[in-house]
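Chemist: Sequence plus predicted model, see below.
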2 protein chains.
Amino acid sequence: MGFNEVRKDYLLERWVVIATERGRRPTDFAKKEREQAKTSVCPMCPGNEHMTPPAVLAYLKSGRSIKKAKDKNGSRHKNWLIRCVPNLYPAFAPPKEKLTQKQIMKNDNLAVAVGHHEVLIESPNHDEHPANARIPQLTHVINGYIDRLREFSAKPYVRYISIFRNHGIEAGTSLSHAHSQIIAMPFTPQIVEQELNASKRFWKQKKKCVFCEIMKNELDGPRMILENSRFVVFAPYASVNPIEFWIIPKKHQTTLLDLSPTEVKAFAETLKTCLGGLKRVVNDPPYNYGFHLTMNKDARDYYHWHLEVYPKLAVWAGFEKSTGVYINTVTPENAAESLRKTISS
Amino acid sequence: MGFNEVRKDYLLERWVVIATERGRRPTDFAKKEREQAKTSVCPMCPGNEHMTPPAVLAYLKSGRSIKKAKDKNGSRHKNWLIRCVPNLYPAFAPPKEKLTQKQIMKNDNLAVAVGHHEVLIESPNHDEHPANARIPQLTHVINGYIDRLREFSAKPYVRYISIFRNHGIEAGTSLSHAHSQIIAMPFTPQIVEQELNASKRFWKQKKKCVFCEIMKNELDGPRMILENSRFVVFAPYASVNPIEFWIIPKKHQTTLLDLSPTEVKAFAETLKTCLGGLKRVVNDPPYNYGFHLTMNKDARDYYHWHLEVYPKLAVWAGFEKSTGVYINTVTPENAAESLRKTISS
């Protein structure tokens, strides 16, 4: 079938994509990898469009307006603002024929990795960190997320869409050109599933969205970082990463698809401000961010999308990996205070 | 009270030790850390015993026999084989007075980090990797684990004991002298709790230990690495780490305290062989290992202790961290084949 396998642990509710198709040999690790660092030609830079698969989506400068397009017939558009291309080594790959749910979720411990895995090139500028991007450009990036989210949401075999960004080699970036990744997958991942279950329980008991309550409780508290008319940013109470923060919309929304154009712009501004604060507090640290959202219409009342930002400032070692308990050497209160001061100065 | 806090996530069953007592400022991360690499004097090497807290346990050479001792009255024993000392910056710290369970588990989302955190110095030789250690020395290390496990098991505020080892800077080692760590904590960590629950369910249905069944199913299969008279080693079906492997006793045992002296020696041999195989396959990679065990007498029928070894050959990035789903680029079958061949050659 040509798919990777997704296997579930013997006992834990934990899934792993096993790259059966393009697997690596154990001995491949013997030589140190960092080969990408040596690459002199960046396949994501303008002029090198032929080095990537054709774009599934590009925003093109067209006089004063923006045109959306796809690369067609092997050609590549040039004058782009953002480009979205399939990942050359996808963890999840699209089906060539219609698959039944039973063909996808084979048994309790095995699924085929059907879905999509794309790279969103965020700017023609190689080093464009969101902290330094212009707001119109960052707005294109968010709109790009939304366009892909809309397309994947309509696929019958897609149950969840993960949108994430890795910055810095220590945070897992293999190519340094500013980019995000989008993975559409055939099941809801563990962490989001747990959030869905817990927020559903809360809703049943109190007829309130637990995330709206969390936001209300954090407002004006010691972990608050930023509040504007549309968004709230805070360091979560039990942050597992030093200087972790979350951005959450004030309006109760379950997915990025609920954002109005004004809200998209406000989100771009909030993101730029906070990542800029992080960059100044810790001197451009590596980090990951990931959106939590749901496409599940039943969850409309009780789930609430948000962005989680994880600075990569510690190494999870034997204790964390074997127990699932974390040690964080920076209190969320200290983290919030530093970010708050830096952002407002 | 002088304790770190242990906080639970708003919604997830996930706990984090927040170092409120010896917290770091966010700006501390601005200067690159690796200062330990510059340290010219190793506090764990013989002759520098005064640089550590007094040993809570030391095995001393005493003619032809081994004597167990503690450092007393500020003195430090010299002629040691292994030394176990309190961690200078403990994640969990012992109580100075008796605490009730309610004083420890303050509410659903907050506990005080009462417990112990120790460092077991595995050898007088700075660079003694278990792959190269002599079996008698490695037997001392395992016996050291068992002695500390026995002591901590008797403490009323201890619910779980995590024994783990970090090798290499990328795997989180801050000091390169061969050592393990032991953490005694006031609750059962998430991953072990999930294993306990799942194995209890299995027991109720089938009156069998699920780990004994897993072992039976893996024996002679494509993920088998090594079998001897006492232990089985295999790459787990849903390994989240490249070249991950588990060592499990053939006899149904819930904790290391069940090991006979003969079994301790057999375990030392098995550990040395497998870590040696890993070292040769991947040229001394960083790794973590951690024991899973239970002190819960009710779990005697259905839980089964084992050691999980996680080579650190990949970076968990935005996808893994935000979803709890992993991508592993080496199939467990390939991993097992490589280790099997290397070990038997």
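Modeler: Ah, there it is.

Chemist: Find me the pLDDT at A:Pro26, would you?
Modeler: pLDDT, A:Pro26: 82.

Chemist: Sorry, slip of the keys, the one I care about is A:Glu35.
Modeler: You'll see A:Glu35 listed with a pLDDT of 49.

Chemist: give me the beta-bridge partners of the residue nearest in space to the middle of chain A?
Modeler: By CA atoms, centre = their mean, chain A has its centre lying nearest to A:Phe164, at 1.6 Å. Bridge pairing for A:Phe164 (DSSP bridges) gives the partners A:Gln181, A:Gly290.

Chemist: ok, it - contacts?
Modeler: Applying CB atoms under 8 Å, 6 or more residues apart in numbering or on different chains, we find A:Phe164 in contact with A:180-181, A:183, A:288-291, B:317-319, B:322. In this view, the C-beta of every residue, glycine as well, is placed from N, C-alpha and C.

Chemist: All the strands of the stretch 1-150 of chain A, residue numbers only.
Modeler: In the stretch 1-150 of chain A, the strands defined using DSSP state E, counting those that start in this stretch lie at A:5-8, A:15-18, A:57-62, A:65-69, A:80-86, A:105-107, A:110-112, A:116-121.

Chemist: what would those strands look like in TSV with distance to chain B, mean neighbour count and mean pLDDT?
Modeler: Putting the strands of the stretch 1-150 of chain A into TSV (distance: least, CB to the nearest CB, whole Å; neighbours: other CB atoms under 10 Å in any protein chain shown; pLDDT from 0 to 100) gives the following:
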stretch	distance to chain B	mean neighbour count	mean pLDDT
strand A:5-8	4	23	92
strand A:15-18	4	26	92
strand A:57-62	20	18	95
strand A:65-69	25	12	94
strand A:80-86	16	23	97
strand A:105-107	12	12	92
strand A:110-112	9	20	94
strand A:116-121	9	24	98
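
Chemist: Looking at those strands, which is nearest to B:Ser344?
Modeler: Among those, the nearest to B:Ser344 by CB to CB is strand A:15-18 (24.4 Å).

Chemist: what stretches of chain A score poorly on pLDDT?
Modeler: A:1, A:21-22, A:31-39 (pLDDT under 70).

Chemist: just so I have it, where are all the strands in the stretch 201-345 of chain A?
Modeler: Remark: strands assigned in the stretch 201-345 of chain A by DSSP E, counting those that start in this stretch are A:224-227, A:231-234, A:245-249, A:287-292, A:306-311, A:326-328.

Chemist: wait, does the first one contact chain B?
Modeler: No. Where contact is defined by CB under 8 Å from any CB of the partner chain, no part of strand A:224-227 touches chain B; the two come within 11.6 Å at best.

Chemist: partner strands of that strand, parallel or antiparallel?
Modeler: Strand pairing for strand A:224-227, using DSSP bridges, gives strand A:231-234 (antiparallel).

Chemist: Keeping just the C-alphas, turn the strand it pairs with into CSV.
Modeler: Only the C-alpha atoms of strand A:231-234 are listed here, as CSV (Å, rounded to 0.1, in the frame of the first residue of the first chain):
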residue,chain,number,x,y,z
PHE,A,231,-6.4,37.4,22.6
VAL,A,232,-5.0,36.4,25.9
VAL,A,233,-1.5,35.1,26.4
PHE,A,234,-0.3,33.4,29.6
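
Chemist: Could I get the buried residue list for it?
Modeler: A:231-234 (16 or more other CB atoms under 10 Å in any protein chain shown).

Chemist: In stretch A:142-160, which residues are buried?
Modeler: For stretch A:142-160, the neighbour count (16+ other CB under 10 Å) marks A:142-149, A:151-152, A:155, A:157-160 as buried.

Chemist: Of those, which is the nearest to chain B?
Modeler: A:Tyr160 (7.9 Å; CB to the nearest CB).

Chemist: For that closest one, which non-adjacent residue is closest in space?
Modeler: Nearest non-adjacent residue to A:Tyr160, counting by CB to CB, 6 or more residues apart in numbering or on different chains: A:Thr188, 4.8 Å away.
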